[in-house]
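Peer 1: Sequence plus the predicted model coming up.
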Amino acid sequence: MSDTSTLIAIVGAGPSGLAVAKALKGRNIPYRQFEAEEDLGGNWYHGVYQNAHIISSKKTTEFADFPMPDSYPDFPNGQQMLSYLRTYAETFNLRENIEFKRKITAVKQRADLLWDVQLDEGEWTAFKGVVVCNGHHWDRRYPEYPGTFSGEILHSKDYKNPDQLRGKNVLVIGGGNSACDIASEAARVAKTCSLSLRHGYWFLPKTVFGTPLTEIFSVSWPVWAQRLILQIILKITVGDYQKYGLPHPNHKIFERHPTVNSELLHYLKHGRIKPYSDVRRYDGTEVEFVDGRKANFDLIVCATGYHLSIPFLPKELVNIKNGVLQVYGGSAMAEAKNLYVFGTLQPRYGFGPLMTPAANLLATMIEMQEKMVLPVGLVLKKMGDKPAQSPLVDPIQTLRQLASFKRRAFLVPIVEKQLRKHLAAGLNQLSFTEDKR
């Protein structure tokens, strides 16, 4: 490999990694991109099931600077999404900088503040900086219950097609989007299908009056107004969740990720999906639920989400609170120069409106860092920037924050100079100047 000490290493070539690559390329910031899989696309390449469709509409999922084809439906399927991402990469000549089947196994900072990156558990190579875009839909989270289940247990990540459900007594644990998609497929092909919920969820329709739900709100609408409109829509079109055998949500709309699915309630009313409370324990093929009911199953699908994991970074740099990585400006580490983590949050709708401006902001911070001694994340922290409070972000609010940062960007180098003066006496003790090896 040629000299890389002036390059930024981008880890991952999914939607986030591609957006970052385009932003860096547009600013003439030299980089090299590494993807562990054989092709680009991230979760859309290796992680979705055969019949997956996006839950947000194409207009709220497409990159802000690259519309999806007019021929696409409102809710494209997995293959259409993958084709779209490939076309995006080809249009902006992003493939030429991607090395496929190259897995990053470790990253550590050197005494000279370069970053040593280990590829495929082989030799270490020095890079100027690292942008982590490794996604958050891969480190499977399983529920833990007493007892042992003697049937088959499958995580939703490993579900690929309806043949895995066909003719079986299936229990799906979870109430998110994947859980409802898989339960709906089981309702069509399984012998029986049951759904176990730990708490109530907000189940929202994918379309309202013929328009995708994610497109009915103006960017100027506050969250309280969106909640009010949705509650009116749900009262008219759905009614009381308890009439479907479901618990009422114990949280406000948008406090947790809502489930956007138009099939679940249909199959509940047709008796093709049977709702249950949370699991109490396993006993062979029998599952006991907290309300005392019991039933036998052949297959349990755990649609219980994922851990946020960055296993190749030093543990002391991965500070996660309430499922949120503690970064500033959306991606900058306060403890280290030229280390960024991008795309760990989940927009309430599609990633489209946010991905491009957020990637451009990241490119701006990389340019700023070139002229600064202190980590740009530390400066932003001192300026009052705070990490997100929840993994679920409001796209409208985030767009406003991005615009505000753009207006205040000129202050960052000024504040950095003042901060350096205050820290000069103890500069050698700052963690970002230490040799992490």
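Peer 2: Sure, I can see it.
Peer 1: Which strands and helices lie in contact with the lengthiest helix in the chain?
Peer 2: For the chain, the longest helix by residue count, based on DSSP state H, is helix 352-369. Contact here means 3 or more Cβ pairs under 8 Å, 6 or more residues apart in numbering; DSSP states H and E; on that basis helix 352-369 packs against helix 15-26, strand 129-132, strand 339-341, helix 376-382, helix 395-408. C-beta coordinates here come from the backbone N, C-alpha and C atoms, glycine included.
Peer 1: Including mean pLDDT and distance to Asn161, could these go into JSON lines?
Peer 2: Formatted as JSON lines, these follow (pLDDT from 0 to 100; distance: least, Cβ to Cβ, whole Å):
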{"stretch": "helix 15-26", "mean pLDDT": "97", "distance to Asn161": "23"}
{"stretch": "strand 129-132", "mean pLDDT": "98", "distance to Asn161": "31"}
{"stretch": "strand 339-341", "mean pLDDT": "97", "distance to Asn161": "33"}
{"stretch": "helix 376-382", "mean pLDDT": "94", "distance to Asn161": "43"}
{"stretch": "helix 395-408", "mean pLDDT": "83", "distance to Asn161": "32"}
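Peer 1: Same list, the ones you listed, but as CSV with distance to His199 and mean neighbour count please.
Peer 2: Below are the helices and strands packed on helix 352-369 laid out as CSV (distance: least, Cβ to Cβ, whole Å; neighbours: other Cβ atoms under 10 Å):
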stretch, distance to His199, mean neighbour count
helix 15-26, 30, 25
strand 129-132, 32, 26
strand 339-341, 29, 25
helix 376-382, 34, 24
helix 395-408, 25, 15
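Peer 1: Make a markdown table from those and add distance to Glu123 to it.
Peer 2: As requested, the helices and strands packed on helix 352-369 are exported to a markdown table (distance: least, Cβ to Cβ, whole Å):
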| stretch | distance to Glu123 |
| --- | --- |
| helix 15-26 | 23 |
| strand 129-132 | 16 |
| strand 339-341 | 21 |
| helix 376-382 | 29 |
| helix 395-408 | 38 |
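Peer 1: okay, now the domains of this protein?
Peer 2: 8-138+307-433, 142-304 (automatic domain parsing).
Peer 1: what sits up against stretch 289-303?
Peer 2: 140, 142-143, 149, 151-156, 159, 164-165, 168-174, 176, 178-179, 182, 186, 191, 194, 196, 276-280, 285-288 (Cβ atoms under 8 Å, 6 or more residues apart in numbering).
Peer 1: give me the number of residues near Tyr244?
Peer 2: Per other Cβ atoms under 10 Å, the neighbour tally for Tyr244 reads 17.
Peer 1: Can you point out the helix or strand that includes the residue nearest to it when sequence neighbours are not counted?
Peer 2: Spatial nearest neighbour of Tyr244, excluding adjacent residues (Cβ to Cβ, 6 or more residues apart in numbering): Leu268 at 4.6 Å. For Leu268, the host element (DSSP states H and E) is helix 264-269.
Peer 1: which strands and helices sit next to the helix or strand just after that helix?
Peer 2: The C-terminal neighbour of helix 264-269 among helices and strands, as given by DSSP H and E, is strand 274-276. Identification of packing neighbours for strand 274-276 by 3+ Cβ pairs under 8 Å, 6+ apart yields strand 192-196.
Peer 1: Partner strands of whichever helix or strand comes after the strand it packs on and their direction?
Peer 2: Helices and strands here follow DSSP H and E; after strand 192-196, the next one along the chain is strand 203-204. Sheet pairing of strand 203-204 (DSSP bridges) gives strand 259-260 (parallel).
Peer 1: For stretch 149-164, output the C-alpha coordinates as CSV.
Peer 2: The C-alpha coordinates for stretch 149-164 follow below in CSV (Å, rounded to 0.1, in the frame of the first residue of the first chain):
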residue,chain,number,x,y,z
PHE,A,149,-36.1,-23.2,24.5
SER,A,150,-35.6,-26.5,22.6
GLY,A,151,-36.9,-25.2,19.2
GLU,A,152,-35.1,-22.9,16.8
ILE,A,153,-34.2,-19.3,17.8
LEU,A,154,-33.4,-16.8,15.1
HIS,A,155,-32.5,-13.1,15.2
SER,A,156,-34.3,-11.0,12.7
LYS,A,157,-30.9,-10.1,11.2
ASP,A,158,-30.7,-13.7,10.0
TYR,A,159,-34.2,-13.9,8.6
LYS,A,160,-34.1,-13.8,4.8
ASN,A,161,-37.2,-15.4,3.2
PRO,A,162,-40.7,-16.8,4.0
ASP,A,163,-39.4,-20.4,3.6
GLN,A,164,-37.8,-20.1,7.1
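Peer 1: Using PDB, write down the CA coordinates of the host helix or strand of Ile414.
Peer 2: Assigned by DSSP H and E, Ile414 belongs to helix 411-423. C-alpha atoms of helix 411-423 as PDB (Å, rounded to 0.1, in the frame of the first residue of the first chain):
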ATOM      1  CA  LEU A 411     -16.300  30.900  15.600                       C
ATOM      2  CA  VAL A 412     -14.700  27.500  16.100                       C
ATOM      3  CA  PRO A 413     -11.100  28.400  15.300                       C
ATOM      4  CA  ILE A 414     -11.400  31.600  17.400                       C
ATOM      5  CA  VAL A 415     -12.600  29.700  20.400                       C
ATOM      6  CA  GLU A 416      -9.900  27.100  19.900                       C
ATOM      7  CA  LYS A 417      -7.200  29.700  20.100                       C
ATOM      8  CA  GLN A 418      -8.600  31.000  23.400                       C
ATOM      9  CA  LEU A 419      -9.000  27.500  24.800                       C
ATOM     10  CA  ARG A 420      -5.400  26.700  23.900                       C
ATOM     11  CA  LYS A 421      -4.200  29.600  26.000                       C
ATOM     12  CA  HIS A 422      -6.100  28.300  29.000                       C
ATOM     13  CA  LEU A 423      -4.800  24.800  28.600                       C
END
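Peer 1: can you state the direction angle for that helix and helix 395-408?
Peer 2: Put simply, helix 411-423 runs at 70 degrees to helix 395-408, going by axes from the mean of the first three to the mean of the last three Cα atoms, to 10 degrees.
Peer 1: what's the angle from helix 411-423 to helix 352-369?
Peer 2: 50 degrees.
Peer 1: which helices and strands does helix 411-423 pack with?
Peer 2: helix 376-382.
Peer 1: Give me the contact list for the helix it packs on.
Peer 2: Against helix 376-382 from outside (Cβ under 8 Å, 6+ apart): 327-329, 332-337, 365, 368-369, 372, 412, 415-416, 419, 432.
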